[in-house]
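# Here is a sequence together with a model predicted from it:
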Amino acid sequence: MKNDMLENLKRYGQEHLLTFWELLSDLERCKLKDQIESIDFSLVNYLYANRNVPVESLTLADLASDPPAYKFSTVTDSVSCKQRKPISSKEAAAAGENMLRCGKVGAILVAGGQGTRLGFNHPKGMYPIGPVSGASLFQIHFEKMLAVSKRYGYQIPYGIMTSPATHNETVEFLKQNNYFNLREDDIFIFCQGTMPAVAIDSGKVLLESKGGIALSPDGHGGMLKAVTRKNDKGISILDNFKQRGIEYLFYNQIDNPLVQICSPEFLGYHFLSDSEFTCQVIRKRFPTDRVGNIVEVNDRLYVIEYIDLPEAVACQTNSDGSLKIWAGSIAVHIFNVEFLERMSKIVNSLSFHIARKRVSFIDISTGKQIKSDKENAIKFERFIFDLLPFAENAVVVEVDPFNHYSPLKNVSGSLSDSPETVKNNITALHTDWLRKAGAIVEPKIPIEISPLFADSIESVKQKIKAGTVFNKAAYLSTPSRN
Ligand code: UTP
């Protein structure tokens, strides 16, 4: 077994992976063999060899203009947007409600990331983010799904993407919590693929232990492959969704508890504009804001990452002083199921991006583990938004961060996107709902509303009497029943 593998690895200059073979147990050898067999070494070597080729987006930036866009009803800025056809927010909301009532919408939550910046020792979805309840990110997302399913009278299939880094703990956690009262039959937990990390200076695949390769999730773009991969019965996640009559997929990421899951207005803009892929965006606060910029080039939409957008282009303005390149992606999307299926059949519809990272590894000459204090490795990741240019009639929908976006990215104490900022933003939004519904909320009181209790000013109005006073921390929730 070893000799065959060695021969093969030598062809790619990766034979060092078997350095410690003689020291491994049978079980460890099997695991290493499986890992080696799962890696496309010619792809890895190709990606490494091309690591310095300029990314396409550098050339795109010169041609970029603003994307066609709609505004969510809560957006108050008055900057006008380019539109392919006029659609009012009322029309959009009605069309979206119809899509939901007809049972055509499914949802995908991606939760395979390693969450390295947060520094939490479990999958990010388990992080207790509720400012009063301590509810986990998973609980908040699942309760939103339950609320939507109840409102529209059908069990919305819910795909949860994990990775080897998060899978087992996620499955265990969700099971232990009885899927937060969603039906187990409606939940599809699936694991994304991995890519090996390679040494920056040599392209050699790194070992994380003597018998294990340093593998990491292949990016949120790994979703495309993962949802179209057939199981041993020849059925993929998308096949399952299609069998239930699902034509549209709402997509979001685990780290944003303010996301409005399956919002009718968002769905309706997608449907009425005949878009195959629609993205929520926020208006950038300043030219070099650290968000993916959605732009239009020759009638197609692309994302240019902030790092690849030259400052001179980023600073261009319209005659009213507003930014030309204004739309920052917040990773909330809708896809046509048929579009994802088509894309899955095109080899390399999603190319790999490279990220330079610090990765601990085993020194081949000493067998010792090395913790690098500088970037020593390259990781390869696919991004789901790279499907945008392939989509017909892609559009963006502008939302306001106050109502829609506060991601948990950074360790406690950081200035932005930290547990504290996210908790404050949840409290600020829910306090605002209560006050607009006529309640009196004293300043600086932690407030949290479960999605099962209410999810908007209107729904708060139905539950809370005008004049009700909140003068201490409050969590408004409803015991859920299936
Ligand atoms: P991020 O790029 O913010 O990564 O992912 P992360 O893993 O959460 O955090 P860092 O960068 O290691 O600190 C954005 C979203 O995409 C998901 C994450 O779970 C998160 O919801 N994601 C990311 C995946 O599902 N798979 C991946 O391979 C990468």
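Noted; the coordinates are in hand. Numbers count the residues shown, from 1 in each chain.
# ok, for Leu388, nearest residue in space, not its chain neighbours?
Nearest non-adjacent residue to Leu388, counting by CB to CB, 6 or more residues apart in numbering: Leu301, 4.5 Å away. Any C-beta I mention is one placed from the backbone N, CA and C, and that applies to glycine too.
# Next: Glu305.
With sequence-adjacent residues excluded and distances taken as CB to CB, 6+ apart, Glu305 is closest to Gly292, at 5.4 Å.
# Gly328 is in contact with the one you found, correct?
Yes - using CB atoms under 8 Å, Gly292 is in contact with Gly328, at 6.7 Å.
# May I ask you to confirm that the residue nearest to Leu388 is in contact with Ile294?
Yes - using CB under 8 Å as the test, Leu301 is close enough to Ile294 to be in contact (5.9 Å).
# do you know how far the residue nearest to Glu305 is from the ligand?
Counting by CB to the nearest ligand atom, to the nearest Å, the separation of Gly292 from the ligand is 11 Å.
# What's the local residue count around that residue?
Other residues near Gly292 number 23, with proximity taken as other CB atoms under 10 Å.
# Contacts only, for the residue nearest the centre of the chain.
To find the centre residue of the chain, average its C-alpha atoms and take the closest one (CA atoms, centre = their mean): that gives Gln253, at 3.1 Å. The neighbours of Gln253, taking CB atoms under 8 Å, 6 or more residues apart in numbering as the test, are Leu109, Val110, Ala111, Gly113, His220, Ala331, Val332, Pro407.
# Ramachandran coordinates for it?
In terms of degrees, to the nearest 10, the main-chain angles of Gln253 are phi -110, psi 160.
# ok, what's across the strand from it?
Beta-bridge pairing of Gln253 under DSSP bridges involves Val110.
# Need the three-state assignment for the residue in the stretch 1-150 of the chain positioned nearest to the ligand.
Nearest to the ligand, among the residues of the stretch 1-150 of the chain, is Gly113, at 2.1 Å (CB to the nearest ligand atom). Following DSSP: H, G, I helix; E, B strand; the rest coil, the label given to Gly113 is coil.
# swap in Tyr251?
Look at Tyr251: counting by three-state DSSP, its state is strand.
# The closest residue to Asn471 other than its chain neighbours: neighbouring residues, count only.
In space, not counting the residues next to it along the chain, Asn471 is nearest to Glu442; the distance is 4.7 Å by CB to CB, 6+ apart. Other residues near Glu442 number 11, with proximity taken as other CB under 10 Å.
# Could you tell me how far Glu442 is located from Arg435?
As defined by CB to CB, to the nearest Å, Glu442 lies at a distance of 11 Å from Arg435.
# Within range of the ligand, give me the residues from the chain.
110-118, 124, 161, 163, 192, 217-220, 222, 253-255, 409 (CB under 6 Å from any ligand atom).
# So among those, which ones count as buried?
Among the residues of the chain next to the ligand, those classed as buried by neighbour count (16 or more other CB atoms under 10 Å) are 110-113, 115, 118, 124, 161, 163, 192, 217-220, 222, 253-255, 409.
# Show me the helices in the stretch 251-400 of the chain, by range?
Counting by DSSP state H, counting those that start in this stretch, residue ranges of the helices within the stretch 251-400 of the chain are 264-272, 311-314, 337-344.
# show me the contacts for Pro443.
Listed by CB under 8 Å, 6+ apart, Pro443 has no contact partners.
# can you pull out the strands in the stretch 151-300 of the chain?
Counting by DSSP state E, counting those that start in this stretch, the stretch 151-300 of the chain has strands at residues 158-162, 187-191, 194-196, 198-199, 207-209, 212-213, 215-217, 248-253, 277-283, 293-297, 300-304.
# Could you do the stretch 1-150 of the chain as well?
Using DSSP E, counting those that start in this stretch, strands in the stretch 1-150 of the chain cover 69-71, 105-110.
# between Leu301 and Ile294, what contacts are shared?
Common contacts of Leu301 and Ile294, defined by CB under 8 Å, 6+ apart, comprise Pro67, Cys279, Leu388, Val396.
# neighbours of the last one, just the number please.
Burial measure for Val396: 28 neighbouring residues, criterion other CB under 10 Å.
# how about the closest residue to Gln260 other than its chain neighbours, what does it touch?
Spatial nearest neighbour of Gln260, chain neighbours left out: His404 (6.2 Å); criterion: CB to CB, 6+ apart. For His404, the contact set (CB under 8 Å, 6+ apart) comprises Phe72, Asn256, Leu258, Val259, Gln260, Gln280, Ile282, Ile330, Val332.
# Could you report the pLDDT at His404?
Looking at His404, its pLDDT reads 98.
# Would you report the backbone torsion angles of it?
Backbone torsions for His404, taken as degrees, to the nearest 10, come to phi -130, psi -20.
# And for Lys465?
Taking degrees, to the nearest 10 as the convention, Lys465 sits at phi -70, psi 140.
# Tell me how far it lies from Ser406.
Relative to Ser406, and taking CB to CB, Lys465 is found at 29 Å.
# do the same with Ser360
Computed with CB to CB, the distance linking Ser360 and Ser406 is 31 Å.
# Pick out whichever of the two has more residues nearby.
The residue with more neighbours, out of Ser360 and Ser406 and counting by other CB under 10 Å, is Ser406; that gives 23 against 15.
# check contacts around the more buried one.
Under the criterion of CB under 8 Å, 6+ apart, the neighbours of Ser406 are Asn256, Pro257, Leu258, Asp417, Thr421, Val422, Asn425, Ile426.
# And for Ile378?
When contacts are counted by CB under 8 Å, 6+ apart, Ile378 is found next to Tyr48, Arg51, Ala197, Val198, Ala199, Ile200, Ile354, Ala355, Arg356, Lys357.
# Just give the nearest non-adjacent residue to Val171, would you?
Ile189 (5.9 Å).
# Double-check the one you found against Leu174; I have them as touching.
Yes - assessed by CB under 8 Å, Ile189 is found in contact with Leu174 at 7.2 Å.
# thought Val281 was touching Glu398?
Yes - contact criterion CB under 8 Å: Val281 and Glu398 qualify, at 5.6 Å.
# list the residues that contact both of these two?
Common neighbours of Val281 and Glu398, using CB under 8 Å, 6+ apart, are Ala69, Ala327.
# So for these two, which sits in the more crowded spot?
In this comparison of Val281 against Glu398, neighbours counted by other CB under 10 Å, the higher total goes to Val281 at 24 against 21.
# mind checking how far the residue nearest to the more buried one when sequence neighbours are not counted is from the ligand?
Computed as CB to CB, 6+ apart, the closest residue to Val281 that is not its neighbour in sequence is Ala327, at 3.9 Å. Using CB to the nearest ligand atom, one obtains 18 Å as the distance from Ala327 to the ligand.
# Contacts only, for Ala327.
When contacts are counted by CB under 8 Å, 6+ apart, Ala327 is found next to Asp66, Pro67, Ala69, Val281, Ile282, Arg283, Lys284, Asn293, Ile294, Val295, Val396, Glu398.
# which ones are touching the spatially closest residue to Phe180 that is not a sequence neighbour?
In space, and not counting its chain neighbours, Phe180 is closest to Phe142: 3.7 Å by CB to CB, 6+ apart. When the contact criterion is CB under 8 Å, 6+ apart, the partners of Phe142 are Tyr158, Leu174, Tyr179, Phe180, Asn181, Leu182.
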